[in-house]
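Asker: Sharing a model prediction with you, sequence too.
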Amino acid sequence: MRKLLVFVLLGICIAKTVCGQVSEFDPKDPIQNISLAQWTAEDGLSSNNLTHVFQDSKGLLWITSFNGVMIFDGERVEIYDINNLDLLETDGFYTVTEDSNGIIYLGSQGSGIIKYKNGVFSKVVSEKGHLPKSVPSILVTQSGPIYIGSNNQGIFKLSEGNAEWIDVPALNKSTVSSIKEDSQGRIWVATEGQGLFCLKNDELERHISVSDGLHDNYVESIAHTDDGLLMIATTKGLQYVDASGVLISIEGLTNVYINYLFVDQWNSVWAGAENGLARWSKNLNKVDWVFGKQGIDLVRLSSIMMDRENSLWLTSSRMGLVRLKESKLTNLTKPHLSSNRINIIHESWDGKFYIGTDQNQLDVYKGDVYEKVEISTDLGGNGVRDIYHDDDGSFWLATYVGIIHKVGSDETVYSTDNGMPANNFRLVIKDKNGVLWFGSRSGGLVKFKNGEIIEILNNENKLESNFILSLTESSDGKLLIGTHSGGLSVLSQSGEVSTFHLKEDDAGVLLFNIDLINDTEAIVTANVGLLHFDSNRLEQINLSSDRRSKTYFDLVDDGKDNFWVTTNLGVLQMDKADWNSYINNEIEQIPYTVLDENSGMNNKECTGATRSLLTSQGKIMVPTLGGVCQITPDKLQVSELPPDVLIRNVIIDEVKLPLEAEFSLVEAGALRYIFEFAAISYTAPERNQFSYILEGFEKEWSNPEYSGRVEYTNLPPGKYTFKVKGANESHIWNENPTSFSFTVEPFFYQTLWFYLLLLFLIIGIFLIIYKWRISFINRQNIELKKVNAELDRFVYSASHEIRSPLSSILGLINLARMGEPEKQLEYYDHIEKSVNRLDDFIHDIVDYSRNARLGIEVEAVDFEKTISNILEDISHTQNFGAIQCDVNYDMKSQFFSDPKRLKIVLSNIITNAFKHHQPDRVERPYVSINVEVKKNLALITVKDNGPGIENKHMSKVFKMFYRATTRSEGSGLGLYIVEETLAKLQGSIVVKSKQGKGSTFKITVRNLKVLQEE
């Protein structure tokens, strides 16, 4: 039932693909009308010697080689070999296929059959019987059994886990190069040396060899067509067995060494040969060959495959991997044209196309007929820049030797010799009034009629530049003039000129061409991009970016649905509907599709500053450096099928997660989360786009990006779903995102139970602190009582000590007044003793006060010893060993200050520099101390590259009890003490800091001895 469901789904996918795609490679069209792209070892392949290419049910390309197997998703090449697959004995692989369950089978050179399922490689092991080690071919049959071709051991069958060697005497020692199943369930076996075998029910039904008319017994490949033909490729050509069993040779493909066969949707047979690629159509009885293109040689082709987008993929044993697409473009090139460097294409009233190149002639093209018009005037190797074929049959040619009027074989040159302002003309048009206008590179614009110059417009007359790049006439007779560095000028029929600029100074702005939408609106192509002109102003147009710088040369309106813009990197196809949405401010950028070598251009670089042409048949002809590129818009039908988007890898800290799991658990502490993804479209994989979102971390989808990789770091614990959607080069988006869900586990300290435990712990700590505080207050009260008692005693004692001498003095004075005169001297002695006692007590109190408030003690300062002691004191701290400390001294004079107070200052600043550093967050953590002593002062600088101080805190750091952050462990008094101390030392301090970069403290201290002397 599961197999049936898979087949139904595959059938729906195939039907959707066929219905949604334009059928490619019509055998009626020449095979040479293709474009090639190549991938080699320089692009990431393990080797250029490839054996097979296969697209699996997910759209991934599997590429086998003798140097491992590769998976290519358009974004990246993943290589698997003996370096990352231990189960391999050699790196060689021959073939790859897939069964209905999505299991990939790989035939190896010496490791047996390798299978790939759910991202895991393993060896296919049989429960019964043995399997060969060297497997060049594998067939998964519709009924389930797998047939295995070996090297020199014949053919094997694997069914329900049991291996069986099929015993066919003529086949038993053969090398089996290819195995196919026909509509009747018969197995066809191609061998190298024994011809072709047909097995029915594992019994030999037919053996075809040279004796039966086979060109060679070395059969390299076989294939079946829809009309029942068995195609046989040998080393000597291509044959087929028809429905009646007759062997028929194909004329034109005899004596050709053919390695591989593929049958396309047209029933055409593609043959990969040693020297090229051939296609045979039975209905047309036609063989086409292509041997290479665009510098890519198709040699030693080893396999052919068509992908979902109808591109052919070829492997080569010499040239790597090649993608072949049918080109919807045609190119007119040498030798039909005189040169591949095209300057101008002019469609004339006579139905012919006149092409100006760098050669001294005009190339003429009509249908399949090529002619030329000789130019006798020597053009100096610069060729013809512009052409106007007048209705009288004459030509007006803009060249760098002047304007040439060619009438039959007669040529008249208008140059500086006969009044022209310059010789280097690049434009010629004829307006509705029959007036000719000639645009030059250095002489401005010439108005010309009846063989005479009517007016010259230049930077001295109406224009702002002499370099004329473009001319366009509106239906109301206005002439729009694009210049180099002089803006866009509009010349009315009355001769009035208005000039418009993109910016205030248009120096360097080149307006290559002007394409009118209507009489008041135009699109201007310029070196700075596309510009919109609405008769009042020039404005830049925003286009989607594809990461490559472009110069825009011309724009062609095909009269239907698209604008076509020529650039140095190809032709851009823009939908007019997108243009209107942009003009109406409905979208911010205009998307486009790029046509280049991938699309069939012979050279993607369009000729600079030239005009393209919309022909009367609706085709677009573009001058390029590789000839004329001809675009037929009706043929460029774009597939509306969105590409599948795959998440290819999820890598977390260099470990790949299994993508098949419904969700994944990521251990706590993961740092890097890498997501790699791909849009399965190979037409131009470099232009596939992506938009993604990490749900649980982001709220909006990313803007479209071209990179199939995104990285996140340090995701917090939680559940996440990464989603990605993609678009192909045609901007067809797959709006059904692919997703991958995972959960980042928390550390134990990030869990709910830890937070609850922490809460209880905090409550407990608060209770302990509260009880301690109460106890502390009680102890303080006891201490205060004790201090108050002592203070009371001190006051009492002091008052007593003061009062007692005073009382004695008063008593002695009274005695002296009342006593005998001869005793007065004795009283005076007692009074003097009391006064001296009182004076001594007062001195004791003053000395006590001075001891609490010591004055400045000026002494010589030993900075080296002081700083050394400070560093030694903090050497045990946590940060000290991780931080480089540089100390420099420049002692020009001896310095005097208060060493004790200065040590307090330096200790605070230096300790802070180490204490608050974060050495694990910078590449080279350091603290630099510089001491410079001059005669009058000392300059001390302490600099670090720590976390720094936010600007909003700078004005408050020296305030008492102020802390810049809650992380600070200090009391907030350090810098306050430093500033107060420096004030006493006649010093100052300045701090400069930048958050995340570090801090610098500059201290200036006066030499107190010099200050005292002054």
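Answerer: The structure has been received and is ready for your questions.

Asker: Below-threshold pLDDT in the stretch 801-950 of the chain: ranges please.
Answerer: Within the stretch 801-950 of the chain, the segments meeting pLDDT under 70 span 801-805, 807, 812, 815, 819-822, 824, 827, 836-854.

Asker: now the strands: where do they sit in it?
Answerer: 859-860, 884-891, 896-897, 926-933, 937-944 (DSSP state E, counting those that start in this stretch).

Asker: again, but for the stretch 501-650 of the chain
Answerer: Under DSSP E, counting those that start in this stretch, the stretch 501-650 of the chain gives strands at 511-518, 521-526, 529-533, 538-540, 552-557, 562-567, 570-575, 593-595, 613-614, 620-624, 627-631, 644-652.

Asker: dump the residue contacts of Asp561.
Answerer: Applying Cβ atoms under 8 Å, 6 or more residues apart in numbering, we find Asp561 in contact with Asp575, Lys576, Ala577, Pro633. (C-beta placed from N, C-alpha, C; glycine too.)

Asker: show me where the protein has helices.
Answerer: For the chain, applying DSSP state H gives helices covering 2-20, 576-583, 752-818, 824-852, 863-874, 899-915, 974-984, 1008-1013.

Asker: returning to what we had before: who wins for neighbours among the contacts of Asp561?
Answerer: For these, counting by other Cβ atoms under 10 Å, the largest number of neighbours falls to Pro633: 19 neighbours.

Asker: separation between that one and Ser616?
Answerer: Look at Pro633 and Ser616: by Cβ to Cβ, to the nearest Å, they are 14 Å apart.

Asker: what's the burial count for the residue nearest to Leu324 when sequence neighbours are not counted?
Answerer: Of all residues not flanking Leu324 in the chain, Leu312 sits nearest, at 4.1 Å (Cβ to Cβ, 6 or more residues apart in numbering). By other Cβ under 10 Å, the residues close to Leu312 number 24.

Asker: Can you name the residues bridging to Leu312?
Answerer: Met306, Leu324 (DSSP bridges).

Asker: was I right about it contacting Leu301?
Answerer: No. At 10.7 Å, Leu312 does not count as touching Leu301 under the criterion of Cβ atoms under 8 Å.

Asker: Skip the chain neighbours and tell me the closest residue to Ile680.
Answerer: Leaving aside its chain neighbours, Ile680 sits nearest to Gly59 (3.4 Å; criterion: Cβ to Cβ, 6+ apart).

Asker: quick one: least confident helix or strand in the chain?
Answerer: Scoring the helices and strands of the chain by mean pLDDT, DSSP states H and E places helix 2-20 at the bottom, with a mean of 38.

Asker: For Lys462, see how far away the residue nearest the centre of the chain is.
Answerer: With distances taken as Cα atoms, centre = their mean, the residue of the chain nearest its centroid is Ser707 (4.7 Å). Look at Ser707 and Lys462: by Cβ to Cβ, they are 50 Å apart.

Asker: ok, now Phe291?
Answerer: Phe291 is 58 Å from Lys462, by Cβ to Cβ.

Asker: for Ser988, same thing?
Answerer: Note on Ser988: its distance to Lys462, by Cβ to Cβ, is 69 Å.

Asker: same check, this time on Leu324
Answerer: Distance of Leu324 to Lys462, computed by Cβ to Cβ: 55 Å.

Asker: Glu203 too?
Answerer: As judged by Cβ to Cβ, Glu203 and Lys462 stand 95 Å apart.

Asker: of the two, who's got more company?
Answerer: Set Glu203 next to Lys462 and count neighbours by other Cβ under 10 Å: Lys462 wins out with 19 against 10.

Asker: Show me what the more buried one is bridged to.
Answerer: Here Lys462, judged by DSSP bridges, has bridge partners Asn458.

Asker: just to revisit the earlier point, how confident was the prediction at the residue nearest to the centre of the chain?
Answerer: Listed pLDDT for Ser707 reads 92.

Asker: dump the residue contacts of it.
Answerer: Counted by Cβ under 8 Å, 6+ apart, Ser707 has contacts Phe690.

Asker: highest average neighbour count across the strands of the stretch 801-950 of the chain?
Answerer: A comparison of the strands of the stretch 801-950 of the chain by mean neighbour count, using mean count of other Cβ atoms under 10 Å, puts strand 896-897 on top with a mean of 22.

Asker: now it: how far from the chain's centre is it?
Answerer: 63 Å (Cα atoms, centre = their mean, to the nearest Å).

Asker: for stretch 212-232, same thing?
Answerer: Distance of stretch 212-232 from its chain centroid, counting by Cα atoms, centre = their mean, is 48 Å.

Asker: Just the CA trace of it, in CSV.
Answerer: The C-alpha trace of stretch 212-232 is given here as CSV (Å, rounded to 0.1, in the frame of the first residue of the first chain):
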residue,chain,number,x,y,z
ASP,A,212,23.3,-11.2,-35.0
GLY,A,213,24.3,-7.9,-36.6
LEU,A,214,25.4,-6.0,-33.5
HIS,A,215,28.1,-3.5,-34.4
ASP,A,216,30.2,-4.5,-31.4
ASN,A,217,29.8,-6.8,-28.4
TYR,A,218,30.9,-3.9,-26.1
VAL,A,219,27.5,-2.5,-25.3
GLU,A,220,27.9,0.6,-23.1
SER,A,221,24.3,1.7,-22.6
ILE,A,222,20.7,0.7,-23.5
ALA,A,223,17.4,2.6,-23.3
HIS,A,224,13.7,2.1,-24.3
THR,A,225,11.6,4.6,-26.2
ASP,A,226,7.9,5.1,-25.7
ASP,A,227,7.1,3.4,-29.0
GLY,A,228,8.8,0.2,-28.0
LEU,A,229,12.3,0.5,-29.4
LEU,A,230,15.3,-0.8,-27.5
MET,A,231,18.2,1.5,-28.2
ILE,A,232,21.6,0.0,-28.1
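
Asker: start to end distance for stretch 324-331?
Answerer: Using Cα to Cα, to the nearest Å, the end-to-end distance of stretch 324-331 comes to 17 Å.

Asker: What values do phi and psi take at Ser327?
Answerer: phi -90, psi 140 (degrees, to the nearest 10).

Asker: was I right about it contacting Gly600?
Answerer: Yes. Using Cβ under 8 Å, Ser327 makes contact with Gly600 at a distance of 2.4 Å.

Asker: Overlap in contacts, these two.
Answerer: Contact with both Ser327 and Gly600 is made by residues Asn33, Ile34, Ser35, according to Cβ under 8 Å, 6+ apart.

Asker: Which one of the residues you listed is nearest to Glu857?
Answerer: Comparing those against Glu857 with Cβ to Cβ places Ser35 closest, at 92.9 Å.

Asker: Thought Asn602 was touching the closest one, still the case?
Answerer: No. When contacts are counted by Cβ under 8 Å, Ser35 is not listed as touching Asn602 (9.4 Å).

Asker: overlap in contacts of these two?
Answerer: Common contacts of Ser35 and Asn602, defined by Cβ under 8 Å, 6+ apart, comprise Gln294.
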